[in-house]
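>>> Any chance you could fold what I've pasted below:
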Amino acid sequence: MTYLSPGTPENVALAQHVNGRLRAEARIMAARAFLFRAIGLGVFAALGGAGAGAAFYGYATMNDVASASDKLASALTTALNDVTLKTKGEVTLTDNTLKLEGGVPQAGKPDVAAITTNAGKSEAPASAAVRTSFTVFKTVPYLDGSIVTGWNFKGSESKPEKQYCYVTRPQSFGDGTTSNQTTVAIDGQVLPQPARSEINFSVIARNCVWFDPAKL
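Reported below is the predicted structural model:
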């Protein structure tokens with residue numbers, strides 16, 4: 001075995017080699033540490049960005065749902081203000097004329113006694129006057145709907161106290177169908193034509209069936 005003395009060229013070269021090796025390993029470890037820190041920072045930034053994106057998406061979705069709800073509520077309010085809903089309890093007339101039980105009143109005068117059979121059984125006080133009124137409807141087909149004229153009779157009068165004419169047509173609303181009713185004339189007088197109405201009041205009024213004693 002050979003022992004080298006301190007300060008010899010061989011020892012100096014060996015020391016320099018060892019120092020260079022240690023510095024290289026130190027640089028490699030520092031590079032690895034920087035790489036791990038960079039990877040961790042990148043993952044953190046990516047997760048933070050994904051979380052922020054999800055938060056903004058959720059916020060936008062909530063605002064969109066709220067906006068859709070407001071639009072739906074506004075549409076429902078407008079539809080309910082513009083249409084008249086009718087139940088299924090309407091009387092269906094096969095010959096387009098309402099008939100009273102007991103036959104048609106003679107000479108154009110309603111048979112009040114035939115429709116007031118329970119007048120004596122009223123629970124109203126004896127001092128209260130019992131008033132009987134009824135409406136006769138005349139219906140004319142019109143497109144997919146009908147033109148209806150109503151005669152309002154009061155008591156035993158021989159002619160109606162008031163008459164009105166309106167057109168009714170089916171209208172889709174949500175999952176069902178309702179009736180859209182528009183009054184076009186009252187007591188034979190055509191109402192003013194609205195500016196944005198799709199119905200011609202003058203044409204509809206020609207098909208109204210006004211009360212005429214001579215035709216009864």
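>>> okay, and for the chain, where does confidence drop off?
For the chain, the stretches flagged by pLDDT under 70 are 1-7, 62-69, 76, 79-128, 216.
>>> redo that, cut-off 90
By pLDDT under 90, the weakly predicted segments of the chain are 1-27, 29-38, 40-134, 142-145, 154-159, 161, 169-182, 193-200, 202-204, 212-216.
>>> C-terminal to whichever strand or helix holds residue 77, what's the next element?
Using DSSP states H and E, residue 77 sits in helix 9-82. Next helix or strand after helix 9-82 toward the C-terminus (DSSP H and E): strand 133-142.
>>> residues of that following strand that come out buried?
Neighbour-count burial for strand 133-142, counted by 16 or more other C-beta atoms under 10 Å, picks out 134, 136-139, 142. The C-beta positions use only the backbone N, C-alpha and C, and glycine is treated the same way.
>>> between those, which is nearest residue 185?
Nearest to residue 185 among the buried residues of strand 133-142 is residue 138, at 12.9 Å by C-beta to C-beta.
>>> Report whether the expected contact of the closest one with residue 160 is present.
No. Between residue 138 and residue 160 there is no contact, the gap being 11.0 Å when judged by C-beta atoms under 8 Å.
>>> Mutual contacts of those two, please.
Residues touching both residue 138 and residue 160 by C-beta atoms under 8 Å, 6 or more residues apart in numbering: residue 151.
>>> how about residue 186, what does it touch?
Contacts of residue 186 by C-beta under 8 Å, 6+ apart are 162-165.
>>> Give the bridge partners for it, please.
residue 164, residue 189 (DSSP bridges).
>>> and residue 173, how many neighbours does it have?
A total of 15 residues lie near residue 173 under the criterion other C-beta atoms under 10 Å.
>>> Would you mind naming the residues that bridge with it?
Bridge pairing for residue 173 (DSSP bridges) gives the partners residue 176.
>>> Pop the domain breakdown of the chain in here.
The chain breaks down by automatic domain parsing into domains covering 1-82, 106-215.
>>> Point out the most buried one among those domains.
domain 106-215 (a mean of 13; mean count of other C-beta atoms under 10 Å).
>>> quick revisit: reformat the buried residues of strand 133-142 as JSON lines; add distance to residue 29.
Formatted as JSON lines, the buried residues of strand 133-142 follow (distance: C-beta to C-beta, whole Å):
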{"residue": "134", "distance to residue 29": "104"}
{"residue": "136", "distance to residue 29": "105"}
{"residue": "137", "distance to residue 29": "99"}
{"residue": "138", "distance to residue 29": "102"}
{"residue": "139", "distance to residue 29": "98"}
{"residue": "142", "distance to residue 29": "93"}
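>>> quick check, nearest of these to residue 36?
Nearest to residue 36 out of the buried residues of strand 133-142 is residue 142 (C-beta to C-beta; 82.8 Å).
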